[in-house]
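# Next input, structure requested:
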Amino acid sequence: MSMSFGGSWVYPDSTQVPSSNGLQAQNVSFVKGGSGMQVGTRLGYSVAFATPDEISALFNWISDLGNLLLWYRASDQSVWAIDITNQPLPQVELIAGSLIGIAATFSQAGARLFLSFFSVSGQGASGARILTYQSGFVNDLAFLPPITYVPPPPSEPGPGNSTPGLHLFGYLIEYRSGFITRPSPDSGVGTNPNINTFTPIAYTVGGGTYLSWSLTTTWPVGAIAVHPMMTAFGNPAQWFIPQGLSQAVVGGASSTITFIINISDQQLLATGQDVTYSLTLLTNSVSNVPQFYPSVVLTHGNRMVYVCQIPNNVGGLSSALFVSAIGAYQQIDPALSLIQLPGLRDITTCISMDGVLYMFGPEWTYQTTDNQGDPSTWATPQLIDGSRGTLAIRGVQVAPSGTYAWVAAQDGMYYFQGTFPALPISYNQDHIWNRINWNAAQAIQIVDVPHKRTVTVLACLDGATTPNAELVWDYTNGFTPTLANFSGPDFLQGFNMGAIAPVKNSLPGAVTAASQQQELWLGSSLHDGILRNNQSTDVNPYLDNGFPIFSTYETSLFPNMGGKSAKGVIYHHHGADYRLTGNGVAQIQAFSLDHAQVFNVLPVTLSQSPGLMPHRSFDNISEGMSHLITQGMNLCHDPSFEGLT
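Residues are numbered from 1 along each chain as shown. The predicted structure follows:
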């Protein structure tokens with residue numbers, strides 16, 4: 001009887017497992033073949049970049065700037081990068097080691113990259129940062145502040161169109177991060193600039209003139225432009241930028257800029273850019289201290305979402321989201337941009353999928369939808385599930401298609417399309433999932449690779465605090481536990497895992513099959529460099545960084561006990577004939593039901609085109625027998641566990 005093997009079923013009783021599924025699998029891959037799913041040793045990993053860094057987060061930033069790989073160096077809380085396409089250029093420090101936190105999240109917004117940093121407890125640990133390229137990479141804190149410089153009032157050098165009467169003046173600083181901050185000059189009093197700390201310049205215009213307004217100061221680092229703002233006579237509450245005026249400045253340097261304002265109040269009201277909203281923007285203090293520390297940043301449509309904690313009215317902190325204005329990723333008004341869950345429930349992380357914003361707490365999941373207005377006007381978040389969420393900041397991952405996501409909940413790994421299915425895809429691996437150390441939840445990472453039809457979870461098992469295992473589901477046949485194939489806990493010999501990410505391989509000299517393809521890359525938590533998942537055309541594709549891959553696969557019971565006619569039947573087993581393909585030697589053990597007895601049979605020398613099916617003898621009386629096929633350090637590579645008779 002020829003069989004094709006599916007993934008492992010380790011949770012149900014072995015007598016309930018279909019004959020097409022194995023009892024356990026480790027470090028194997030599942031390949032669709034003509035007779036169903038074939039099982040073989042997974043492709044190994046090889047060095048992509050040698051670095052001694054301790055890596056806890058990886059991100060592939062693809063933009064007009066190139067194909068960059070970024071990582072968070074946990075040893076000194078810094079951010080580094082390489083240009084993948086132009087190796088062997090050295091790694092570059094993008095953000096110096098002044099950060100706080102164990103890892104980072106990344107969110108791309110065009111040619112800018114937003115970063116957040118979180119602690120081992122899952123709380124935001126540093127102010128959000130923004131990376132941009134200005135003749136070299138520069139980084140700035142988000143929400144840069146106004147300044148205290150008080151310029152002299154305007155003058156009236158000659159005839160023009162001005163309207164007589166009292167007018168107020170201020171100026172807005174535009175930063176290279178894309179943020180136009182709240183108005184200056186600010187009094188600098190207190191830690192939170194607000195509408196009361198803005199100290200505008202008052203000047204009574206004679207009328208029938210044009211205005212000349214000069215500002216001289218050392219502009220803050222990162223400033224690229226200054227915009228004047230003013231009010232009309234008799235209307236001090238509404239502010240406008242007249243005539244689209246702007247002057248470029250060099251951040252960190254002192255200079256004088258002069259604005260020529262030749263406009264009547266009527267023209268100002270009709271054509272000026274209304275910037276009254278800027279009076280209530282959230283910014284850092286004038287000494288550039290952030291008002292909040294986001295643990296997660298992500299885009300939602302054309303907005304940026306910041307997951308954070310803010311003070312509540314009882315002296316503590318409550319979870320919150322700040323959601324930016326449309327197209328302005330740092331434009332936040334604390335009163336209009338705030339979203340919180342009913343009862344101020346905790347928010348671990350959130351995702352944007354199919355236009356819906358999903359918020360995940362430790363044991364609950366909510367959703368809300370953008371109505372294109374201020375976030376405060378969106379519908380109150382609705383409960384999706386009151387028992388499932390995640391403890392891990394990186395425990396929810398949207399697939400590249402954007403049509404589904406994966407959720408690492410405490411009770412299993414869930415395929416998520418706006419609701420949770422009855423069973424997680426990990427249902428049959430429950431005893432492995434239960435080994436995850438949820439005290440190290442922030443180390444969990446998820447990667448979906450659609451062209452391989454696999455989802456991989458990097459996790460800490462058995463009390464580990466840095467990742468020590470990959471749990472891999474092949475969903476070629478479906479997303480349910482009965483259809484998906486599983487391998488794990490997979491591991492690499494001689495490599496300490498720290499972070500995982502899908503990466504576009506543009507390395508010079510990449511093998512043809514790998515060039516420009518998306519691969520899984522691994523960063524090490526302990527000086528072992530950065531590895532890439534091999535393609536079958538790589539040299540030694542079945543080696544992990546030079547080490548053999550230890551693979552195991554245990555078949556279901558033979559004969560199958562699932563049918564009614566087989567129940568209660570006891571067989572006398574004299575041996576088995578094996579049809580295996582590959583290279584080297586395969587070790588085989590035969591087990592009676594529930595591993596009550598073990599038979600170490602003679603090894604099988606493998607061939608790519610075996611002409612015989614070698615017979616191995618054992619003698620046992622049992623309801624069924626399973627067969628464990630292994631290969632490890634003493635064996636050759638590239639076996640394909642094609643079938644068994």
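# Can I get stretch 429-447 as CSV, trimmed to CA atoms?
Written as CSV, here are the backbone C-alpha positions of stretch 429-447 (Å, rounded to 0.1, in the frame of the first residue of the first chain):
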residue,chain,number,x,y,z
GLN,A,429,0.3,20.6,18.0
ASP,A,430,-1.2,21.8,21.3
HIS,A,431,1.4,20.2,23.5
ILE,A,432,4.2,22.0,21.5
TRP,A,433,2.3,25.4,21.6
ASN,A,434,1.9,25.0,25.3
ARG,A,435,5.7,25.0,25.7
ILE,A,436,5.9,28.7,24.6
ASN,A,437,7.3,30.9,27.4
TRP,A,438,4.7,33.6,27.5
ASN,A,439,6.8,35.6,30.0
ALA,A,440,9.0,36.2,26.9
ALA,A,441,6.0,37.0,24.6
GLN,A,442,7.8,40.0,23.1
ALA,A,443,10.3,37.7,21.4
ILE,A,444,7.5,36.0,19.3
GLN,A,445,7.6,36.9,15.6
ILE,A,446,5.5,35.7,12.7
VAL,A,447,6.3,35.6,9.0
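# What's the mean pLDDT across it?
On average, the pLDDT along stretch 429-447 is 96.
# Can you list the buried residues in that stretch?
Buried residues in stretch 429-447, counting neighbours by 16 or more other CB atoms under 10 Å, are found at 429, 432-433, 435-438, 440-447. Just so you know, the C-beta spots here come from the backbone N, C-alpha and C atoms, and that holds for glycine as well.
# Greatest separation within these: which pair is it?
The largest separation in these, counting by CB to CB, is between Gln429 and Gln442 at 22.1 Å.
# Could you tell me which of the buried residues of stretch 429-447 belong to strands?
Counting by DSSP state E, the members of the buried residues of stretch 429-447 that fall within strands are Gln445, Ile446, Val447.
# Lowest mean pLDDT among the helices and strands, pick that one out for this structure.
Considering only helices and strands, the least confidently modelled element of the chain by mean pLDDT, DSSP states H and E is strand 640-644, at a mean of 40.
# Show the low-confidence segments of the protein, by residue range.
1-5, 11, 33-35, 561-567, 632-645 (pLDDT under 70).
# pull the longest helix from it.
Scanning the chain for the helix with the most residues, using DSSP state H, yields helix 265-271.
# Any chance of the backbone angles for Leu471?
Leu471 adopts backbone torsions of phi -110, psi 120, taken as degrees, to the nearest 10.
# in the sheet, who's paired with it?
Val457 (DSSP bridges).
# re earlier: list the buried residues of the longest helix of the chain.
Within helix 265-271, the residues scored as buried using 16+ other CB under 10 Å are Asp265, Leu268.
# Parallel or antiparallel, which strands does whichever helix or strand comes after it pair with?
Proceeding N to C from helix 265-271, the next assigned helix or strand is strand 273-274, under DSSP states H and E. In the sheet containing strand 273-274, its partner strands are strand 235-241 (antiparallel), by DSSP bridges.
# following the partner strand, which helix or strand comes up?
Past strand 235-241, further along toward the C-terminus, the next helix or strand under DSSP H and E is strand 247-248.
# next one: that next one to chain centre, how far?
What separates the centre of strand 247-248 from the centre of its chain is 37 Å, taken as CA atoms, centre = their mean, to the nearest Å.
# Next: stretch 130-146.
Between the mean C-alpha point of stretch 130-146 and the mean C-alpha point of its chain there is a distance of 21 Å (CA atoms, centre = their mean).
# do stretch 311-318 as well
Taking CA atoms, centre = their mean, one finds the center of stretch 311-318 at 28 Å from the center of the full chain.
# now do stretch 191-209
Averaged C-alpha coordinates place stretch 191-209 at 43 Å from its chain's average position (CA atoms, centre = their mean).
# how long is it end to end?
For stretch 191-209, the separation between the terminal residues is 40 Å (CA to CA, to the nearest Å).
# Please enumerate the helices of this protein.
Under DSSP H, the chain gives helices at 265-271, 430-433.
# In CSV: those helices, plus distance to Asn371.
As requested, these are exported to CSV (distance: least, CB to CB, whole Å):
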stretch, distance to Asn371
helix 265-271, 29
helix 430-433, 38
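# now the residue sitting furthest away from the middle of the chain, which residues is it bridged with?
Here the centre of the chain is the reference, and by CA atoms, centre = their mean the most remote residue is Pro159, at 58.9 Å. With DSSP bridges applied, Pro159 shows beta-bridge pairing to Thr209.
# is it true that it touches Tyr210?
Yes - because the distance of 7.3 Å satisfies CB atoms under 8 Å, Pro159 is recorded as touching Tyr210.
# what's stretch 347-355 in contact with?
Outside of stretch 347-355, the residues that reach it under the criterion CB atoms under 8 Å, 6 or more residues apart in numbering are 122, 295-296, 298-301, 305, 307, 319-321, 341, 357-362, 369-370, 389-398, 402-405, 418.
# Of the residues you listed, keep whichever come out buried.
For the contacts of stretch 347-355, a neighbour count by 16+ other CB under 10 Å gives the buried set as 122, 295-296, 298, 300, 305, 307, 319-321, 341, 357-362, 370, 389-398, 405.
# Need the distance between the two termini of stretch 580-590.
Start-to-end span of stretch 580-590 (CA to CA) is 15 Å.
# And that stretch, what's buried?
For stretch 580-590, by 16+ other CB under 10 Å, it's Leu580, Thr581, Gly582, Asn583, Gly584, Ala586, Gln587, Ile588, Gln589, Ala590.
# repeat for stretch 61-70
The neighbour-count check on stretch 61-70 (16+ other CB under 10 Å) flags Trp61, Asn67, Leu68, Leu69, Leu70 as buried.
# Ignoring the adjacent residues along the chain, who's closest to Leu282?
Leaving aside its chain neighbours, Leu282 sits nearest to Ile332 (4.5 Å; criterion: CB to CB, 6 or more residues apart in numbering).
# In this structure the one you found contacts Phe179, no?
No - taking contact to mean CB under 8 Å, the distance of 10.1 Å between Ile332 and Phe179 leaves them out of contact.
# okay, and the common contacts of these two?
Counting by CB under 8 Å, 6+ apart, the shared contacts of Ile332 and Phe179 are Phe143.
# what's the domain layout of this protein?
Domain ranges of the chain: 6-42+550-644, 155-280, per automatic domain parsing.
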